[in-house]
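Engineer: No sequence on hand, only this structure:
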């Protein structure tokens with residue numbers, strides 16, 4: 001089977017005109033059939049891309065050819081099924097949204113801790129271990145003893161810190177996230193709020209799973225990822241979770257046996273939030289996806305557009321011949 005490289009990357013760096021990078025970067029991704037989404041903002045770049053080894057390397061080489069991205073932070077895994085359907089480069093206000101304008105991770109952030117030293121740090125009883133990810137991500141898997149802040153989005157973190165963290169009581173705080181980017185901002189935020197001894201896992205959970213042998217690991221469960229794999233296990237292979245196509249949250253086989261699960265339209269988490277009108281639209285989308293699958297066609301994304309264009313050209317050619 002063909003191995004597809006999945007590369008998560010980010011870098012906080014001052015970009016004076018990020019819009020000038022948008023179209024050339026998108027054109028390169030399309031030309032090399034590299035799928036995924038990259039975010040550009042004045043504060044840097046963030047995202048995940050996937051494709052053949054040589055094609056992903058071409059995109060990374062192009063980025064690293066720009067001085068500001070020379071030491072771009074990357075975490076890689078492989079899969080045999082394409083995890084993205086589209087190629088996108090978006091302009092954003094923030095590459096990871098906290099909603100606090102005064103935070104600048106380039107100026108002040110927590111102390112980086114390499115994966116090899118992480119177990120020792122979080123085993124210290126004086127260290128408060130905080131998972132900075134969203135609630136549904138924490139539920140899928142986390143480090144032993146980590147606190148789940150119960151946030152629905154990263155925007156909720158400042159409120160959690162205000163209500164639950166005390167710089168006089170919590171002298172040592174260690175934080176982690178999927179790839180490291182949210183911790184760059186959350187530790188910078190805590191430093192701004194007067195917390196002095198703040199640590200974060202370099203490269204995030206993905207780098208930890210890549211670097212630390214499973215028999216030595218303090219990780220429990222699987223890691224949620226923002227692509228069609230849904231989760232990965234300790235070997236960075238596709239995990240056991242599926243995804244609700246209505247709310248995009250991870251679901252188990254037990255969830256799919258629930259009376260509230262309707263493929264493509266609802267799951268036990270979101271069935272109360274889905275209106276009858278929206279459910280009709282979701283069910284129609286699910287139907288079209290299944291029909292496309294039966295025909296061996298793509299339902300959405302770049303491949304679907306290519307197939308549609310091919311159909312139109314064949315139809316046009318057929319009319320000409322008639």
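Structural biologist: Thanks, I have it. No experiment lies behind these values; they were computed from the predicted model shown.
Engineer: Quick one: the helices in the protein, in order.
Structural biologist: Counting by DSSP state H, the chain has helices at residues 19-31, 53-64, 115-122, 135-140, 157-164, 181-192, 204-211, 253-256, 276-294, 302-321.
Engineer: looking at those helices, which is closest to residue 95?
Structural biologist: helix 181-192 (7.2 Å; C-beta to C-beta). C-betas here are computed from N, CA, C, even on glycine.
Engineer: returning to what we had before: nearest to residue 12 among the helices of the chain would be which one?
Structural biologist: helix 181-192 (6.1 Å).
Engineer: low pLDDT regions in the chain?
Structural biologist: By pLDDT under 70, the weakly predicted segments of the chain are 1, 297-322.
Engineer: Most tightly packed of the helices of the chain?
Structural biologist: Using mean count of other C-beta atoms under 10 Å, the stretch among the helices of the chain with the greatest mean number of neighbours is helix 181-192 (a mean of 24).
Engineer: Outside of it itself, list whatever touches it.
Structural biologist: Contact partners of helix 181-192, identified using C-beta atoms under 8 Å, 6 or more residues apart in numbering, comprise 10, 12, 46, 95-96, 98, 100, 102-105, 107-110, 132-133, 154, 157-158, 161, 165, 173, 175-177, 198-201, 204.
Engineer: doesn't residue 271 make contact with residue 260?
Structural biologist: Yes - using C-beta atoms under 8 Å, residue 260 is in contact with residue 271, at 4.0 Å.
Engineer: out of those two, which sits in the busier spot?
Structural biologist: Taking neighbours as other C-beta atoms under 10 Å, residue 260 and residue 271 compare with residue 271 leading, 18 against 13.
Engineer: got the contact list for the nearest residue to residue 179 once chain neighbours are set aside?
Structural biologist: Counting by C-beta to C-beta, 6 or more residues apart in numbering, residue 179 lies nearest to residue 204, which is 4.2 Å off, once chain neighbours are set aside. Applying C-beta under 8 Å, 6+ apart, we find residue 204 in contact with 75, 176, 177, 178, 179, 180, 181, 183.
Engineer: what's the closest of the residues you listed to residue 122?
Structural biologist: residue 176 (8.7 Å).
Engineer: State the distance from the closest residue to residue 119 other than its chain neighbours to residue 278.
Structural biologist: Of all residues not flanking residue 119 in the chain, residue 218 sits nearest, at 5.4 Å (C-beta to C-beta, 6+ apart). Look at residue 218 and residue 278: by C-beta to C-beta, to the nearest Å, they are 41 Å apart.
Engineer: How about residue 98?
Structural biologist: Residue 98 is 29 Å from residue 278, by C-beta to C-beta.
Engineer: Quick check: phi and psi on residue 212?
Structural biologist: As for residue 212, its main-chain torsions (degrees, to the nearest 10) stand at phi -100, psi 130.
Engineer: Settle this for me: residue 37 is touching residue 85, isn't it.
Structural biologist: No - Residue 37 is beyond contact range of residue 85, at 10.7 Å (criterion: C-beta under 8 Å).
Engineer: quick one on the thing from earlier: ok, the contacts of residue 204 vs residue 230, which is closest?
Structural biologist: residue 178 (12.8 Å).
Engineer: so who does the closest one touch?
Structural biologist: Counting by C-beta under 8 Å, 6+ apart, residue 178 makes contact with 8, 133, 137, 204, 205, 206, 223, 224, 225, 226.
Engineer: Quick check: closest non-adjacent residue to the second one.
Structural biologist: Distances taken as C-beta to C-beta, 6+ apart place residue 177 nearest to residue 133, at 5.4 Å, with adjacent residues excluded.
Engineer: same question, the last one
Structural biologist: If you skip the residues right next to it in sequence, residue 226 has residue 48 as its closest partner in space, 6.6 Å away by C-beta to C-beta, 6+ apart.
Engineer: And for the one you found, the neighbour number?
Structural biologist: A count of nearby residues for residue 48, using other C-beta under 10 Å, gives 22.
Engineer: now residue 93
Structural biologist: Neighbour count of residue 93, defined by other C-beta under 10 Å: 11.
Engineer: Serialize the helices of the chain to JSON lines and add fields for distance to residue 236.
Structural biologist: Below are the helices of the chain laid out as JSON lines (distance: least, C-beta to C-beta, whole Å):
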{"stretch": "helix 19-31", "distance to residue 236": "23"}
{"stretch": "helix 53-64", "distance to residue 236": "15"}
{"stretch": "helix 115-122", "distance to residue 236": "13"}
{"stretch": "helix 135-140", "distance to residue 236": "15"}
{"stretch": "helix 157-164", "distance to residue 236": "26"}
{"stretch": "helix 181-192", "distance to residue 236": "18"}
{"stretch": "helix 204-211", "distance to residue 236": "6"}
{"stretch": "helix 253-256", "distance to residue 236": "22"}
{"stretch": "helix 276-294", "distance to residue 236": "27"}
{"stretch": "helix 302-321", "distance to residue 236": "25"}
